[in-house]
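Trainee: 3D, please:
(chains A and B)
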There are 2 protein chains.
Amino acid sequence: MKNRLDLIYEAASRLFINKGFARTQVRDIAREIGLSTGMIYQYFSGKKDILSFILKEAVNPGFFDHERQFPVTSGASGIFDHLEEEIKATFEKNQQDFDTHLKDQAADYSLEEMLSDAFDVIANYAVSCLIIEHNEADLPELAHYYRDYRKRFFAQVQQYVDLYIEKNEFRKVENTFYTTRAIVESLAWWGMHVRYDAFETETDISPEKAKEVCLDLLLHAYQA
Amino acid sequence: MKNRLDLIYEAASRLFINKGFARTQVRDIAREIGLSTGMIYQYFSGKKDILSFILKEAVNPGFFDHERQFPVTSGASGIFDHLEEEIKATFEKNQQDFDTHLKDQAADYSLEEMLSDAFDVIANYAVSCLIIEHNEADLPELAHYYRDYRKRFFAQVQQYVDLYIEKNEFRKVENTFYTTRAIVESLAWWGMHVRYDAFETETDISPEKAKEVCLDLLLHAYQA
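Mentor: Reported below is the predicted structural model:
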């Protein structure tokens, strides 16, 4: 991405997550970056295009490095025509990858590797996920898909937990449902919320550091 | 509290937290409970009074069991005249209590007791805290106080962590700042968010159960 696009991406993401898409105006994004509203309109025809741009970057990183047609306009260019399907396909792919080691009972797959991959599944798409979570009314289809996607992810993690308990890699816990909830929510907090929408955000914590703290917590808590 | 007041309390809390005070109308609260808007106005003169009622219940539980003057009207009755000061005083008292065992280096105070008390500090005032967090623009003074209050609570927990490490009750961790963050945020998630504003809320999990899951996670993660 170009530098100004980076700035627009970052400011708009934070606004769409914390203030909400409906209440964010293009001038809010401009003010956040210290650009004029007119300058933003040289890049995007409206805030809907900025939202599409952010979601597109998640499924197609670097797409806009090669996009030369500014301002970006959904209808005209057709680049966002199948965006929701692309997002779903990307999420499905992730979930299939994460499913791989369930098929062979996690034969060569440690609890640590599983937690690390689960963290990445969450952290790599943090911005898109949080935008969907905070804007269900404006993204009804995606939000509906996402609620289901989260349920399936939860079920995958719970299956891994059950497997690791059987293999004595995970300490016996009373209730794997709540343990899975503790795992998934800790991963979500350190993978997404800490940087974007916690009450005290830490915008400069690296994903690596966040992962380290989170895995240190979870491995010590549950590894047998 | 009377039954209808309970219903208003519960519905209005959830709306003020998730939709926000500014965007919640009295008719939204009525619709949520299945009462007419007129019926709500028999109890409260407006949504500001409902907000005050919820915050008052936090600092003065059962206050409205004895309140016979309906509809509740801020100006007329004077019952909410010093509400913000009362809230601050209650929070200060809590924080002083939680500070007690720092003075004697947590001589007779185990890590488990500390975590249990820290959970209660958070969970007992979950509704008020979340209403403040989600409505900073409408409660600017309280929000300002609350941000500072959270910083001090964080500092207290970090001091306890440092103490327990010295006493070999807590395993050596690389960075007590991030460890404290992991503790405070886990407490906050299980003490407040799970029931009110997580992406998947569990309205029926008891505070006892939530505390059990949370302390099981934290004790196994950090106890030496």
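Trainee: how close does residue A:195 get to residue B:187?
Mentor: Applying Cβ to Cβ, to the nearest Å, the value for residue A:195 to residue B:187 is 20 Å. Where you see a C-beta, it was placed from the backbone N, CA and C, and this is true even at glycine.
Trainee: quick one: which of these two has more around it?
Mentor: The residue with more neighbours, out of residue A:195 and residue B:187, is residue B:187; 26 against 21, by other Cβ atoms under 10 Å in any protein chain shown.
Trainee: residues in contact with stretch A:45-52?
Mentor: A:8, A:12, A:16, A:21, A:24-26, A:29, A:40, A:44, A:71-74, A:80, A:83, A:131 (Cβ atoms under 8 Å, 6 or more residues apart in numbering or on different chains).
Trainee: restricted to buried residues, select those residues in PyMOL.
Mentor: To isolate the buried members of the contacts of stretch A:45-52 in PyMOL, using 16 or more other Cβ atoms under 10 Å in any protein chain shown:
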select buried, chain A and resi 8+12+16+21+24+26+29+40+44+72+73+74+80+83+131
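Trainee: from the contacts of stretch A:45-52, which ones fall inside strands?
Mentor: Using DSSP state E, no member of these sits in strands.
Trainee: keep only the contacts of stretch A:45-52 that also lie close to chain B.
Mentor: Contacts with chain B are made by none of the contacts of stretch A:45-52, judged by Cβ under 8 Å from any Cβ of the partner chain.
Trainee: what sits against the residue in chain A positioned nearest to chain B?
Mentor: With Cβ to the nearest Cβ as the measure, residue A:221 is the residue of chain A nearest to chain B, at 3.9 Å. Taking Cβ under 8 Å, 6+ apart as the contact definition, residue A:221 lies against A:182, B:216, B:217, B:218, B:220, B:221.
Trainee: of those, which is the most crowded?
Mentor: Counting by other Cβ under 10 Å, top hit in the contacts of residue A:221: residue B:217 with 29 neighbours.
Trainee: list just the nearest of the contacts of residue A:221 to residue A:167.
Mentor: For the contacts of residue A:221, the minimum distance to residue A:167 (Cβ to Cβ) is 18.5 Å, reached by residue B:220.
Trainee: which secondary structure element contains the closest one?
Mentor: Here residue B:220 sits within helix B:207-222, counting by DSSP states H and E.
Trainee: packing partners for the longest helix along chain A?
Mentor: Longest helix of chain A, by residue count under DSSP state H: helix A:140-166. Secondary-structure packing of helix A:140-166 (3 or more Cβ pairs under 8 Å, 6 or more residues apart in numbering or on different chains; DSSP states H and E): helix A:83-103, helix A:111-123, helix A:126-134, helix A:176-188.
Trainee: average model confidence for it?
Mentor: Per-region confidence: helix A:140-166 scores 98 on mean pLDDT.
Trainee: residues of that helix that come out buried?
Mentor: Taking 16+ other Cβ under 10 Å as the criterion, helix A:140-166 shows A:142-143, A:145-146, A:149-150, A:153-154, A:156-161, A:163-165 as buried.
Trainee: and for stretch A:30-47?
Mentor: Quick answer for stretch A:30-47 (16+ other Cβ under 10 Å): A:30, A:32, A:33, A:35, A:40, A:43, A:44, A:45, A:47.
Trainee: can you lay out those residues as TSV showing pLDDT and distance to residue B:110?
Mentor: Shown next, in TSV, are these (pLDDT from 0 to 100; distance: Cβ to Cβ, whole Å):
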residue	pLDDT	distance to residue B:110
A:30	97	54
A:32	95	47
A:33	95	50
A:35	93	55
A:40	96	56
A:43	93	57
A:44	94	57
A:45	93	61
A:47	95	53
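Trainee: of all pairs in those, which one is the farthest apart?
Mentor: Checked with Cβ to Cβ, the buried residues of stretch A:30-47 reach their widest spread between A:32 and A:45, with 19.0 Å between them.
Trainee: coming back round to it: excluding chain neighbours, what is closest to the residue of chain A closest to chain B?
Mentor: Nearest residue to residue A:221, sequence neighbours excluded (Cβ to Cβ, 6 or more residues apart in numbering or on different chains): residue B:221, at 3.9 Å.
Trainee: over to residue A:101?
Mentor: Leaving aside its sequence neighbours, residue A:101 sits nearest to residue A:109 (Cβ to Cβ, 6+ apart; 3.9 Å).
Trainee: for stretch A:95-103, what is the distance to the chain centroid?
Mentor: Distance of stretch A:95-103 from the chain centroid (Cα atoms, centre = their mean, to the nearest Å) equals 19 Å.
Trainee: same question, stretch A:83-103
Mentor: A distance of 13 Å separates the centroid of the chain from that of stretch A:83-103, by Cα atoms, centre = their mean.
Trainee: just the CA trace of it, in CSV.
Mentor: These are the backbone C-alpha positions of stretch A:83-103, laid out as CSV (Å, rounded to 0.1, in the frame of the first residue of the first chain):
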residue,chain,number,x,y,z
LEU,A,83,-16.1,-9.1,-2.0
GLU,A,84,-18.3,-10.8,0.5
GLU,A,85,-17.8,-14.1,-1.3
GLU,A,86,-14.1,-13.5,-1.3
ILE,A,87,-14.1,-12.9,2.4
LYS,A,88,-16.1,-16.0,3.1
ALA,A,89,-13.8,-18.1,0.9
THR,A,90,-10.7,-16.8,2.8
PHE,A,91,-12.3,-17.5,6.1
GLU,A,92,-13.3,-21.0,4.9
LYS,A,93,-9.8,-21.7,3.7
ASN,A,94,-8.4,-20.7,7.1
GLN,A,95,-10.9,-22.9,8.9
GLN,A,96,-10.1,-25.9,6.6
ASP,A,97,-6.4,-25.4,7.3
PHE,A,98,-7.0,-25.3,11.0
ASP,A,99,-9.1,-28.5,10.7
THR,A,100,-6.2,-30.5,9.1
HIS,A,101,-4.8,-31.9,12.3
LEU,A,102,-8.2,-33.0,13.7
LYS,A,103,-8.3,-35.6,11.0
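Trainee: identify the residues contacting the closest residue to residue A:163 other than its chain neighbours.
Mentor: Among residues not flanking residue A:163 along the chain, residue A:106 sits closest, at 5.1 Å (Cβ to Cβ, 6+ apart). By Cβ under 8 Å, 6+ apart, the residues touching residue A:106 are A:114, A:160, A:163, A:164, A:167.
Trainee: got the domain boundaries for chain A?
Mentor: Domain segmentation of chain A under automatic domain parsing yields A:3-77, A:83-222.
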